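Student: sharing a model prediction with you, sequence too.
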Protein chains: 2
Amino acid sequence: MPEAIAQTYTRADEAFDCLQTAIVKGDLVPGEKIGEVELCSRFNLTRGPLREALGRLESRGLLVRRPHAGVKVVSVSADELMELYRIRETMEGLAARQAAERMTDQEIADLSATLDSHERMIEQAQGQAYYQAEGDYDFHHRIATGSRNTKLAQMLLGDLYYMVRMYRYRLSTSSGRPHMALGEHRRIVEAIAQRDGELAEFLMKRHIHAARKNIEKKIQQGELTI
Amino acid sequence: MPEAIAQTYTRADEAFDCLQTAIVKGDLVPGEKIGEVELCSRFNLTRGPLREALGRLESRGLLVRRPHAGVKVVSVSADELMELYRIRETMEGLAARQAAERMTDQEIADLSATLDSHERMIEQAQGQAYYQAEGDYDFHHRIATGSRNTKLAQMLLGDLYYMVRMYRYRLSTSSGRPHMALGEHRRIVEAIAQRDGELAEFLMKRHIHAARKNIEKKIQQGELTI
DNA sequence: TAACCCGGGATTGTTGACAATAATCGAGTT
DNA sequence: AACTCGATTATTGTCAACAATCCCGGGTTA
């Protein structure tokens, strides 16, 4: 438990979490119009908390809401997904640099350990893209928080990752280059361990750049449809 | 009117705007605990729309809310403000690069024209920091939207700028180097006009870096208190 | 004296009903 | 047959009352 503050969970929080995971997992299809009452019955909520959650999700960009016309999950075009990766490139580069300067030795050791477990997972799961994606998410998550930059972590974890994960579930994005990605992760951790912020930033940017190029190629080849 | 879509204004939107400007302008003091009913009477609202607006503002990081304990405006420490500028450095660098690649000639001409009016304003207003700050905001706003990167613009305009403006109103941040800032703006626009994305990115990063250093210096000298 | 416990009061969270608005479908006209 | 206009209907936006929870002051005890 990172925070020992036993925050009482309010219905609005519950609604928010439910909807967010539903969107990320693809239970709520992008573009589909959906009514408030249906959502209420689906998640056992009343409209008050639901509306509050909808407001939060809207301002995070996960869904759009037209007055008197209902809500619908955002549908991200291929171009927009690429733009998302461009943003990740710069922001996670910054995160890596600050993480190199600020992570504790213990955190770095833990991060290194998770990479070991990722390696085992990749060998065991042989193309189980789901676990790879989760491992990848875990890695980036740790670096974002390790940057000790509250707002940066908030923007990455609260905004960008959910949108990226939304498509990762559907597309198994990072499949195809699991070992390569792991190697890149390893080198980033090495740079962080040596407290070389500049190098960590460079490697992280290149890592995400490569991921973007990989998706771009697949889309052009028609292997991926968005 | 930028958007001809006559979006009907809902009370929640109204509440959101009211609260946001109140926070940015400093009418709502950071750290101060504030009750829902008081907010309602202050802005002539009922609690339903208000709560929705509060949810949105919370997820944008402008206020924090503890269940059953009320809401309070976030108070940003000096360190956190510096972190904000670090994020701006990278993100606005990206925005400038993409703006150089994608703005229309007309937009660039308009941008250049606004700089002329900023120059006149600076000469007239002689230290009227308020107008300078607004001019600065206008400049960065145009580049963010000019990047044609929806999410990037959303993050900059929706999240970061409000937090920065919140302190700019109080501190008149950019005062002290108005002409210098204007010159930097001019050079950035030149780079954009020449479609030199790389240079635009470099200049924008340096511009914001200088602004950060300027604030840092003032804080260390005790001229600014946060 | 200081720490702790415990009601009273106030504030927030939640609910269901009511009002306003836009999408929809049908009728009439061109 | 296609289009426009208007009433209907369903959905959203709004409200005010109810219930749950936490803060605060007074009293008690170590």
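Tutor: Nice, I can see it.
Student: surely residue A:205 touches residue A:88?
Tutor: No. Between residue A:205 and residue A:88 there is no contact under C-beta atoms under 8 Å: 9.3 Å. C-beta coordinates here come from the backbone N, C-alpha and C atoms, glycine included.
Student: between those two, which has more neighbouring residues?
Tutor: The neighbour comparison of residue A:205 against residue A:88 (other C-beta atoms under 10 Å in any protein chain shown) goes to residue A:88, with 23 against 19.
Student: return the residues in contact with residue A:53.
Tutor: Contacts for residue A:53 (C-beta atoms under 8 Å, 6 or more residues apart in numbering or on different chains) come out as A:12-13, A:15-16, A:19, B:55.
Student: list the contacts of the least confident helix or strand in chain A by mean pLDDT.
Tutor: Every helix and strand in chain A was compared by mean pLDDT, DSSP states H and E; the lowest is helix A:161-171, with a mean of 78. With C-beta under 8 Å, 6+ apart as the test, helix A:161-171 has contacts from A:20, A:23-26, A:60-62, A:76, A:81, A:84-85, A:88, A:130, A:133, A:137, A:140-141, A:173-174, A:215, A:224, A:226, B:151.
Student: leaving out chain neighbours, which residue sits closest to whichever residue of chain A sits closest to DNA strand C?
Tutor: In chain A, the residue that lies nearest DNA strand C is residue A:48 (2.2 Å; C-beta to the nearest atom of the strand). Distances taken as C-beta to C-beta, 6 or more residues apart in numbering or on different chains place residue B:48 nearest to residue A:48, at 7.2 Å, with adjacent residues excluded.
Student: now swap in residue A:202 and tell me
Tutor: Using C-beta to C-beta, 6+ apart, the nearest residue to residue A:202 is residue A:93, at 7.5 Å.
Student: surely the one you found and residue A:204 touch.
Tutor: Yes. Counting by C-beta under 8 Å, residue A:93 does reach residue A:204; the two are 5.0 Å apart.
Student: measure the most centrally placed residue in chain A to residue A:76 for me?
Tutor: The centre of chain A sits closest to residue A:161, judged by C-alpha atoms, centre = their mean, with a distance of 2.3 Å. Distance from residue A:161 to residue A:76, counting by C-beta to C-beta, to the nearest Å: 14 Å.
Student: where along chain A do the helices fall?
Tutor: Secondary structure of chain A (DSSP state H): helices at A:11-25, A:36-43, A:47-59, A:78-102, A:105-125, A:129-146, A:150-154, A:161-171, A:178-193, A:197-220.
Student: can you add distance to residue B:114 and give those back as JSON lines?
Tutor: Converted to JSON lines, the helices of chain A look like this (distance: least, C-beta to C-beta, whole Å):
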{"stretch": "helix A:11-25", "distance to residue B:114": "39"}
{"stretch": "helix A:36-43", "distance to residue B:114": "42"}
{"stretch": "helix A:47-59", "distance to residue B:114": "28"}
{"stretch": "helix A:78-102", "distance to residue B:114": "25"}
{"stretch": "helix A:105-125", "distance to residue B:114": "46"}
{"stretch": "helix A:129-146", "distance to residue B:114": "36"}
{"stretch": "helix A:150-154", "distance to residue B:114": "28"}
{"stretch": "helix A:161-171", "distance to residue B:114": "32"}
{"stretch": "helix A:178-193", "distance to residue B:114": "41"}
{"stretch": "helix A:197-220", "distance to residue B:114": "32"}
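Student: of the ones you listed, which approaches residue B:183 most closely?
Tutor: Residue B:183 lies closest, by C-beta to C-beta, to one member of the helices of chain A: helix A:78-102, at 25.1 Å.
Student: what's the average pLDDT for the closest one?
Tutor: What helix A:78-102 shows for mean pLDDT is 96.
Student: what helices or strands is it leaning on?
Tutor: helix A:129-146, helix A:150-154, helix A:161-171, helix A:178-193, helix A:197-220, helix B:78-102, helix B:150-154 (3 or more C-beta pairs under 8 Å, 6 or more residues apart in numbering or on different chains; DSSP states H and E).
Student: and the ones you listed: which comes nearest DNA strand D?
Tutor: Where the helices and strands packed on helix A:78-102 are weighed against each other on C-beta to the nearest atom of the strand, the nearest is helix B:150-154, at 19.9 Å.
Student: hang on, the earlier thing: give me the distance between the residue nearest to the centre of chain A and residue A:93.
Tutor: For residue A:161, the distance to residue A:93 equals 16 Å [C-beta to C-beta].
Student: any idea how chain A splits into domains?
Tutor: Per the record, chain A has its domains at A:11-73, A:78-221, by the TED database.
Student: low-confidence ranges in chain A?
Tutor: Where chain A drops to pLDDT under 70, the residues are A:1-7, A:125-131, A:169-176, A:178, A:224.
Student: quick check: residues of it near chain B?
Tutor: A:7-8, A:10, A:12, A:48, A:51-53, A:55-56, A:58-61, A:66-68, A:80, A:83-84, A:86-87, A:89-91, A:93-94, A:98, A:149-152, A:154-155, A:158-160, A:163 (C-beta under 8 Å from any C-beta of the partner chain).
Student: ok, of those, which come out buried?
Tutor: Taking 16 or more other C-beta atoms under 10 Å in any protein chain shown as the criterion, what is buried in these is A:12, A:48, A:51-53, A:55-56, A:58-61, A:83-84, A:86-87, A:89-91, A:93-94, A:98, A:149-152, A:155, A:158-160, A:163.
Student: returning to that earlier point: who's in contact with the residue nearest to residue A:202?
Tutor: Counted by C-beta under 8 Å, 6+ apart, residue A:93 has contacts A:201-202, A:204-205, A:208, B:90.
Student: let's see 6 Å
Tutor: Residues counted as contacts of residue A:93 (C-beta atoms under 6 Å, 6 or more residues apart in numbering or on different chains) are A:201, A:204-205.
Student: if we can go back for a sec, and the contacts of residue A:53, which two are furthest apart?
Tutor: Largest separation among the contacts of residue A:53 by C-beta to C-beta: A:19 and B:55, giving 12.5 Å.
Student: picking that back up, please spell out the PyMOL selection for the buried subset of the contacts of helix A:161-171.
Tutor: Applying 16+ other C-beta under 10 Å to the contacts of helix A:161-171, the buried members can be selected in PyMOL as follows:
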select buried, (chain A and resi 20+23+24+60+61+62+76+81+84+85+88+133+137+140+173+174+215+224) or (chain B and resi 151)
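Student: closest to residue A:219 among the contacts of residue A:53?
Tutor: Ranked by distance to residue A:219 (C-beta to C-beta), the contacts of residue A:53 are led by residue A:19 at 28.0 Å.
Student: what's the neighbour count on that closest one?
Tutor: 25.
Student: which ones are touching it?
Tutor: With contact taken as C-beta under 6 Å, 6+ apart, residue A:19 is in contact with A:53, A:57.
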